[in-house]
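Participant: below are the sequence and a predicted model for it; my questions follow.
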Amino acid sequence: MTPAERWVAQVERTVTPDRVVWCDGSEGENERLIEEMLADGTLLRLHQEKAPGSFLHRSHPSDVARTEHLTFIASREKDDAGPTNNWMSPDEARRRVGPLFEKVMTGRAMYVVPYVMGPLGSPFSRVGIEVTDSPYVVASMRIMTRMGRAALDQLGTGEDFVPGLHSVGDLSPDRRFIVHFPEERLIWSVGSGYGGNALLGKKCHALRIASHQARTEGWMAEHMLILGLEDPEGRITYLAAAMPSASGKTNLAMVVSSLPGYRAWTVGDDIAWIHVDKHGQLRATNPERGFFGVAPNTSAKTNPNGAAMVRSNTIFTNVALTPSNEPWWEGMGPEPPAGLLDWQGKPWTPGSGPAAHPNSRFTVPAQQCPSIAPNWEDPEGVPLSGFIFGSRRARVVPLVFEAFDWDHGVFLGSAMGTETTAAITGQVGVVRRDPMAMIPFCGYNMADYFAHWLSFGPKLKNPPRIFRVNWFRRDGDGRFLWPGYGENVRILKWIVERIQGGGKAVETPIGHVPAPGSLDETGLSLAPGALDAALHVDREEWRQALDELREFYEQFGERMPGAIWKAHAETARRFGL
């Protein structure tokens, strides 16, 4: 019996399912699962001419988003989890959460889902095995990962896999926990069937567990998109960008350029695994095989490639349904048709609230994206020339600026704050700290995470340049100063020009902002003074921001790297504060 088989047998004894199904990832298996879910109402078949191969799933009304307050890091020492994570000791987790799995699958099938995160055969890929009682999870993991026989073939008789135990349980929020044991590389999730809580290869494995593993092994697991910008000469510059969920990350990953001669290639939209190659070059791979994107406001205007890729072979979750069985959500373009059913399957009328849940999702194979890069599954990854940190801020943060050096760039990433969205349970529009967009996803102490980032500077022959962006800055009347979407390629062009030694800039206390006339405004119509306002660095706003940042850093005590404190102090000095 292999280590994988032994672990599965142990789980089976605990959860006592009626039957055990080892998933092979085949088309036939998927078709059988789909038919079973159609029969029991787990899925609804959409219009097979207008949305071929696509289905709708409705989750429980209490189970519609990641539940950060119920997500725990069960490290042996509390300080290793850090003040920004919920901590539970491994012993407490076994006492408190373990009993919730006892006989939880009685009367249900237990699916064993072997999967690979990363391109098959890549030295950087990792195997996981998720045990679940949700066929919806199985079908989704088949889209999101390299799942089934290929994963078992890669694992062989080895024991280097991440075990993940998942059950929807009774869907009670009182008995809902997502627990990560970083030292054991083990994941437990119970009481939720929603994406990020249930598709354990995604945030749980590829970020929380992988970030801890990456720190130990000397690589990086980041909440980042990866794209390549091709210029008119055919040169492609690869960039990785960290942005909080529902802050335009997928739109940027699949952006359609408004500038003639420039084209963006999508490598990944959510997670990047990054390694240093033998030449001292950072290379990034996308460990996922699919996209799990936010549906509302995805349209032919905001994300043409995204709108095109979800026209077939897509599982939609919590979107609205038209009388002709087509998916619908706010912001997709047409007015809502009469007879619309909302995300809970109830008749919808204007003024009765959102028809699609604000965090409704689509799960779709990456290969269907029109902008998917030809080399997106390169086992060695793509060479990174720049990092971008972006967040949703109405004030304070300029449209774009460049860090002075690697350490200063890490400081800028550590200083990120963002206005919350529906992707996170809680209030919308509240500014919260989210360094590198990793607060919900780092499997260990964030101060140690900053130190890990800082450690890469000396290892790299040519460290990627680091930039900060903010498409969401507003004027005094609340209007966006920058049009965003396809026009963001103009910002990417300046970033690439800076990387290549051009791109004029002006030094400010927080970094280099584009000099007047250095952003390509060809064919762009902006309100008078809008661009200057979008790039403005306000001393008083930054005084307050630095004070708030100091409070954030202080909670980490002596673990906070001195280089971050030094950059904080230098910024204040440059402002004359």
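Facilitator: It's in.
Participant: how close does the most centrally placed residue in the chain get to residue 414?
Facilitator: Nearest to the mean C-alpha position of the chain, counting by Cα atoms, centre = their mean, stands residue 270 at 3.6 Å. Distance, residue 270 to residue 414, by Cβ to Cβ, to the nearest Å: 21 Å. C-betas here are computed from N, CA, C, even on glycine.
Participant: check residue 172 too.
Facilitator: From residue 172 over to residue 414 (counting by Cβ to Cβ), the distance is 37 Å.
Participant: go ahead and confirm residue 205 touches residue 187.
Facilitator: Yes - proximity of residue 205 to residue 187 meets the contact threshold set by Cβ atoms under 8 Å, at 6.5 Å.
Participant: the two: who's more crowded?
Facilitator: residue 205 (29 against 23; other Cβ atoms under 10 Å).
Participant: tell me the contacts of the more buried one?
Facilitator: Each residue near residue 205 by Cβ atoms under 8 Å, 6 or more residues apart in numbering is listed here: 117, 126, 128, 162, 164, 187.
Participant: cool, and residue 500?
Facilitator: Here residue 500 is in contact with residue 237 (Cβ under 8 Å, 6+ apart).
Participant: and the pLDDT for it?
Facilitator: pLDDT for residue 500: 97.
Participant: how about residue 421?
Facilitator: On the pLDDT scale, residue 421 gets 59.
Participant: quick one: low-confidence residue ranges for the protein.
Facilitator: The chain contains residues with pLDDT under 70 at 246, 421-429.
Participant: biggest helix in it, by residue count?
Facilitator: Using DSSP state H, we find that the single longest helix of the chain is helix 539-554.
Participant: what's downstream of that one, the next helix or strand?
Facilitator: Toward the C-terminus, helix 539-554 is succeeded by helix 562-575 as the next helix or strand (DSSP states H and E).
Participant: which residues does that next one contact?
Facilitator: Contacts for helix 562-575 (Cβ under 8 Å, 6+ apart): 407-408, 410-411, 414-415, 450, 454, 509-510, 539, 542-543, 546, 549-550, 553.
Participant: please repeat the previous calculation with a cut-off of 6 Å.
Facilitator: The set of residues external to helix 562-575 that reach it, using Cβ atoms under 6 Å, 6 or more residues apart in numbering, is 407, 408, 411, 414, 450, 454, 509, 539, 542, 546.
Participant: which strand or helix spans the first one?
Facilitator: Assigned by DSSP H and E, residue 407 belongs to helix 406-414.
Participant: show me what that helix packs onto, helices and strands only.
Facilitator: Here helix 406-414 touches helix 446-456, helix 562-575, going by 3 or more Cβ pairs under 6 Å, 6 or more residues apart in numbering; DSSP states H and E.
Participant: any idea of the angle it forms with helix 539-554?
Facilitator: Taking axes from the mean of the first three to the mean of the last three Cα atoms, to 10 degrees, one finds helix 406-414 and helix 539-554 inclined to each other by 90 degrees.
Participant: contact partners of helix 406-414?
Facilitator: 389, 403, 435-436, 450, 453-454, 457, 463, 466, 468, 563-564, 567.
Participant: can you say which of the residues you listed are buried?
Facilitator: Taking 16 or more other Cβ atoms under 10 Å as the criterion, what is buried in those is 389, 403, 435-436, 450, 453-454, 463, 466, 468, 563-564, 567.
Participant: taking the residues you listed together, which two end up most distant?
Facilitator: 435 and 463 (18.5 Å; Cβ to Cβ).
Participant: what about the strands in the stretch 51-200 of the chain?
Facilitator: 55-57, 71-73, 86-87, 109-117, 126-132, 146-147, 161-167, 177-181, 186-190 (DSSP state E, counting those that start in this stretch).
Participant: as CSV, the ones you listed with distance to residue 420 would be great.
Facilitator: Below are the strands of the stretch 51-200 of the chain laid out as CSV (distance: least, Cβ to Cβ, whole Å):
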stretch, distance to residue 420
strand 55-57, 25
strand 71-73, 16
strand 86-87, 17
strand 109-117, 28
strand 126-132, 29
strand 146-147, 32
strand 161-167, 26
strand 177-181, 19
strand 186-190, 23
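Participant: nearest to residue 472, of those?
Facilitator: Once the strands of the stretch 51-200 of the chain are compared by Cβ to Cβ, strand 71-73 is nearest, at 26.2 Å.
Participant: what sits up against that closest one?
Facilitator: 81, 85, 86, 87, 88, 178, 179, 180, 443.
Participant: specify which member of the residues you listed is nearest to residue 376.
Facilitator: Nearest to residue 376 out of those is residue 443 (Cβ to Cβ; 25.6 Å).
Participant: doesn't residue 182 make contact with that closest one?
Facilitator: Yes - the pair residue 443 and residue 182 passes the contact test of Cβ atoms under 6 Å, sitting 4.9 Å apart.
Participant: and for the two, which residues touch both?
Facilitator: Joint contacts of residue 443 and residue 182 (Cβ under 6 Å, 6+ apart) are residue 212.
Participant: if you count surrounding residues, which of these two has more?
Facilitator: Neighbour tally, residue 443 and residue 182, criterion other Cβ under 10 Å: the higher count belongs to residue 443, 28 against 24.
Participant: and that one, what is it in contact with?
Facilitator: Contacts of residue 443 by Cβ under 6 Å, 6+ apart are 73, 180, 182, 208, 209, 211, 212.
Participant: and the fifth one, what does it touch?
Facilitator: The one in question is residue 209. Applying Cβ under 6 Å, 6+ apart to residue 209 gives the contacts 162, 180, 185, 443.
Participant: so which of those residues wins on neighbours?
Facilitator: residue 180 (31 neighbours).
Participant: need the contact list for it.
Facilitator: With Cβ under 6 Å, 6+ apart, residue 180 has these contacts: 73, 187, 208, 209, 443.
Participant: mind checking the SS state of residue 207?
Facilitator: Look at residue 207: counting by DSSP: H, G, I helix; E, B strand; the rest coil, its state is helix.
Participant: from residue 443, how far out is it?
Facilitator: Residue 207 is 7 Å from residue 443, where distance means Cβ to Cβ.
Participant: can you check residue 521 too?
Facilitator: Separation of residue 521 from residue 443 (Cβ to Cβ) stands at 43 Å.
Participant: same check on residue 93?
Facilitator: 14 Å.
Participant: from residue 113, how far out is the closest residue to residue 198 other than its chain neighbours?
Facilitator: Nearest residue to residue 198 in three dimensions, chain neighbours excluded: residue 137, at 5.1 Å (Cβ to Cβ, 6 or more residues apart in numbering). To residue 113, residue 137 is 7 Å away according to Cβ to Cβ.
Participant: more crowded one of the two?
Facilitator: Neighbour count, other Cβ under 10 Å: between residue 137 and residue 113, residue 113 has more, with 28 against 25.
Participant: can you pull the contacts of residue 549?
Facilitator: residue 415.
Participant: which two of the contacts of helix 406-414 have the greatest separation?
Facilitator: Greatest spatial distance among these (Cβ to Cβ): 435 and 463, at 18.5 Å.
Participant: helix/strand/coil for residue 506?
Facilitator: Residue 506 ends up strand, using three-state DSSP.
Participant: tally of neighbours for the closest residue to it other than its chain neighbours?
Facilitator: Nearest residue to residue 506 in three dimensions, chain neighbours excluded: residue 515, at 4.9 Å (Cβ to Cβ, 6+ apart). Residues lying near residue 515 (other Cβ under 10 Å) number 14.
Participant: then residue 333?
Facilitator: 11.
Participant: return the closest of the contacts of residue 443 with respect to residue 156.
Facilitator: For the contacts of residue 443, the nearest to residue 156 is residue 209 (20.8 Å; Cβ to Cβ).
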